[in-house]
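Chemist: Everything below, folded, please.
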Amino acid sequence: RNFVGPSGKIYVGSKQGYAKKGDTSPYPGGYVMTYDPATGACENLGMPLAGQGVIDVVADEARGLLYVVSCEEQHWLLYDVKSKKYRELGPMLTPYAATLVDAAGRAHAITKDFKLATYDPAENTVTERDIAVDGEIWKRANGSAIPTWQLAGDGFTAYLVLMNDARLIQIDLRGPAGAKRLGTMVKGEHPDSRSALTIAPDGRVYALIRVNNK
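Modeler: Numbers count the residues shown, from 1 in each chain. The predicted model follows:
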């Protein structure tokens, strides 16, 4: 998904396609790019990881940092605007992961084991914490449990829905990473939601979820 920074600059990554049968040519890797609609200027910020596409880019413009998620292996990378260099932050993430930067400047992402990974640029440290949903440790239910999440206006609360589970989850990104389910957004068999959750300025959470039509 595209990310628009406070400056108005748009950040985006290029992702690999899938080869036709018989095509054995290697994929070189995706690039991070920016576009400034005010000036029309474009910039190529290079390839974060050879052989990997880019599924998510988030900019912390105030600190001169970019957070990048690769695919198909979901590496979590940090780009320093001054040095123009990428480095891995460590934890491997869930498929289609996205970074959220909270009001304190800490970056958060969900790992492949459904833990909360947090990078604190002030301390230059990465930590991983269990997420307790309704008092129980959150675990991946199956391979299709792809999360989509967004940051609320308070800068510390995230709202999340899984691709195959229509129950809305609220996560506190501070402290012990407590979370709770707020209810089912739509009832029906085989829910399917793909990168389709947003939060309006008035605080309402909207999601697009497909269910079997009966």
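
Chemist: going forward, measure contacts and count neighbours with C-alpha atoms only.
Modeler: OK.

Chemist: For P48, list the residues it contacts.
Modeler: 30-32, 68, 70, 77, 86 (Cα atoms under 8 Å, 6 or more residues apart in numbering).

Chemist: P147 and Y35, how far apart?
Modeler: Using Cα to Cα, to the nearest Å, P147 is found at 27 Å from Y35.

Chemist: make that Q52, sorry
Modeler: For Q52 relative to Y35 (Cα to Cα), the value is 22 Å.

Chemist: In terms of neighbours, single out the busier of these two.
Modeler: A count of neighbours by other Cα atoms under 10 Å puts Q52 above the other of Q52 and Y35, at 23 against 17.

Chemist: nearest to L93, of the contacts of P48?
Modeler: Using Cα to Cα, S70 comes nearest to L93 of those, at 9.2 Å.

Chemist: and stretch 86-97, average pLDDT?
Modeler: Mean pLDDT, stretch 86-97: 94.

Chemist: who's in contact with it?
Modeler: 48, 55-56, 69, 71-80, 109-114, 117, 119, 126, 146-148.

Chemist: Please pick the buried ones from those residues.
Modeler: When neighbours are counted using 16 or more other Cα atoms under 10 Å, the contacts of stretch 86-97 contain these buried positions: 48, 55-56, 69, 71, 73-79, 109-112, 114, 117, 119, 126, 146-148.

Chemist: Next, format the contacts of P48 as TSV and append distance to P191 and secondary structure.
Modeler: Rendered in TSV, the data for the contacts of P48 read as follows (distance: Cα to Cα, whole Å; DSSP: H, G, I helix; E, B strand; the rest coil):
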residue	distance to P191	secondary structure
G30	31	coil
Y31	33	coil
V32	32	strand
V68	28	strand
S70	26	strand
L77	31	strand
Y86	37	strand
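
Chemist: residues touching A122, list them.
Modeler: Taking Cα under 8 Å, 6+ apart, one finds nothing in contact with A122.

Chemist: what about T99, how many neighbours?
Modeler: Neighbour number of T99 under other Cα under 10 Å is 24.

Chemist: Excluding chain neighbours, what is closest to it?
Modeler: Nearest residue to T99, sequence neighbours excluded (Cα to Cα, 6 or more residues apart in numbering): A109, at 5.0 Å.

Chemist: D154 and D172, how far apart?
Modeler: D154 is 11 Å from D172, by Cα to Cα.

Chemist: who has more neighbours, the two?
Modeler: Set side by side, D154 and D172 show more neighbours around D172, with 16 against 10, by other Cα under 10 Å.

Chemist: residues contacting the more buried one?
Modeler: Contacts of D172 (Cα under 8 Å, 6+ apart): 156-158, 178-179.
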